[in-house]
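Asker: Quick one, fold the following:
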Amino acid sequence: MVALADKRSWAGRPRLAQDIARESRLILRWPVVVVAVAVWVGPLILGIVDARGGVYRDNLDFFGDLMNSPVSLVFPLLVVLVGCFRLFEELGHRAIVNTRMRSSVRATIATRLTASMLVAFGVFFIAVLAQAVLAFAIWPLLGNPSVDPSVYRMGQSDLAADQLERFGLSQAMAGGPIVYSLLMATWIGFGAAVYAAVGTAALVTLNNRFVALLTPMFVYFGLTLFTSLLQLPHFAPMFSLFPIGLTQQPVAVTVAPTVVVAVVVACCWILVMHGLTRNARLG
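Answerer: Numbering: from 1, shown residues only. Reported below is the predicted structural model:
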């Protein structure tokens with residue numbers, strides 16, 4: 001019996017992977033692709049325009065300017081538009097209910113959740129990686145416009161030491177721009193996956209789809225405002241994901257707010273999955 005159960009489990013895994021891949025493709029329709037392209041291209045255009053009126057110490061400064069785009073302010077909203085909009089539409093015309101004839105509600109929602117997180121991760125990973133390529137690879141090839149460390153009276157040795165202490169997670173510059181770029185792209189991608197999970201959980205549990213779609217923004221800004229009132233800005237979710245402009249803190253302090261949100265939403269999903277069969281909106 002155990003061997004038979006194991007065979008069924010392994011046999012179901014390719015099907016699950018296929019369902020997730022199919023769902024990911026369905027998420028990436030033209031409205032979502034438009035938002036994704038805006039996330040990719042918008043910060044690059046704004047950064048290039050801003051560079052014409054500023055002076056940077058080095059390419060890390062320029063990368064920080066790219067990261068400080070308006071995307072950081074509306075990050076969770078962009079995440080749900082990319083990762084959760086298909087589920088938002090499906091719940092509007094009860095398409096989820098129709099899938100129960102083909103698969104269990106838990107399998108359906110698990111597929112939607114995984115695909116939503118993967119798409120959100122991928123879109124924002126690519127966005128940050130594009131900014132890093134512009135700042136650390138293309139910008140030097142163009143002659144490093146607006147980069148002039150002499151204005152700050154800093155030599156190369158001073159810059160190297162300053163980069164490691166400049167802002168949150170820049171400690172990774174010890175491994176060079178490639179290591180730092182991959183770390184930041186993965187970190188922002190992880191944050192996008194977390195807030196996609198928040199949005200998906202809200203859509204599944206709340207009756208008002210519009211409130212549910214805005215729930216990640218409420219969490220993001222609500223906790224950021226709360227920590228600011230406590231004069232603890234380093235513990236704000238916004239500055240945890242985009243730690244540019246604040247004095248550097250230990251890595252554990254920088255990542256803690258986002259990790260806490262991830263743990264809480266994971267616990268919430270355990271409860272959500274447990275109660276799916278009794279969820280009237282999905283039945």
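
Asker: Restrict stretch 214-230 to CA atoms and write it as PDB.
Answerer: What follows is stretch 214-230, C-alpha atoms only, in PDB (Å, rounded to 0.1, in the frame of the first residue of the first chain):
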ATOM      1  CA  LEU A 214      -5.500  46.100  -2.000                       C
ATOM      2  CA  THR A 215      -4.700  44.100   1.100                       C
ATOM      3  CA  PRO A 216      -1.000  43.700   0.300                       C
ATOM      4  CA  MET A 217      -0.800  47.500   0.000                       C
ATOM      5  CA  PHE A 218      -2.600  47.800   3.400                       C
ATOM      6  CA  VAL A 219       0.000  45.500   4.900                       C
ATOM      7  CA  TYR A 220       2.900  47.200   3.200                       C
ATOM      8  CA  PHE A 221       2.000  50.800   4.100                       C
ATOM      9  CA  GLY A 222       0.300  50.000   7.400                       C
ATOM     10  CA  LEU A 223       3.300  48.300   8.800                       C
ATOM     11  CA  THR A 224       5.600  51.000   7.300                       C
ATOM     12  CA  LEU A 225       3.600  53.700   8.900                       C
ATOM     13  CA  PHE A 226       3.400  51.900  12.200                       C
ATOM     14  CA  THR A 227       7.200  51.400  12.400                       C
ATOM     15  CA  SER A 228       7.700  55.000  11.400                       C
ATOM     16  CA  LEU A 229       5.500  56.200  14.300                       C
ATOM     17  CA  LEU A 230       7.600  54.100  16.600                       C
END
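
Asker: Go through that stretch and flag the buried ones.
Answerer: By 16 or more other Cβ atoms under 10 Å, the buried positions in stretch 214-230 come out as 214, 215, 216, 217, 219, 220, 221, 223, 224, 227. Using the backbone N, CA and C atoms, a C-beta is placed for each residue, glycine as well.

Asker: Tell me where the model's unsure across the stretch 151-283 of the chain.
Answerer: Within the stretch 151-283 of the chain, the stretches with pLDDT under 70 are 277-283.

Asker: residue boundaries of the helices in it?
Answerer: Using DSSP state H, counting those that start in this stretch, the helices of the stretch 151-283 of the chain run over 156-163, 177-205, 209-229, 237-241, 251-274.

Asker: what's the answer for the stretch 1-150 of the chain, then?
Answerer: 2-27, 30-51, 59-67, 75-83, 85-92, 95-99, 105-133, 139-141.

Asker: centre of the chain versus the shortest one, how much separation?
Answerer: Taking Cα atoms, centre = their mean, to the nearest Å, the mean C-alpha location of helix 139-141 is offset from the chain mean by 27 Å.

Asker: same check, this time on stretch 205-215
Answerer: Centre-to-centre, stretch 205-215 and its host chain are 19 Å apart (Cα atoms, centre = their mean).

Asker: what does that stretch contact?
Answerer: Contact with stretch 205-215 is made by 77, 80, 84, 88, 91-92, 198-199, 202-203, 272, 279, 281, as judged by Cβ atoms under 8 Å, 6 or more residues apart in numbering.
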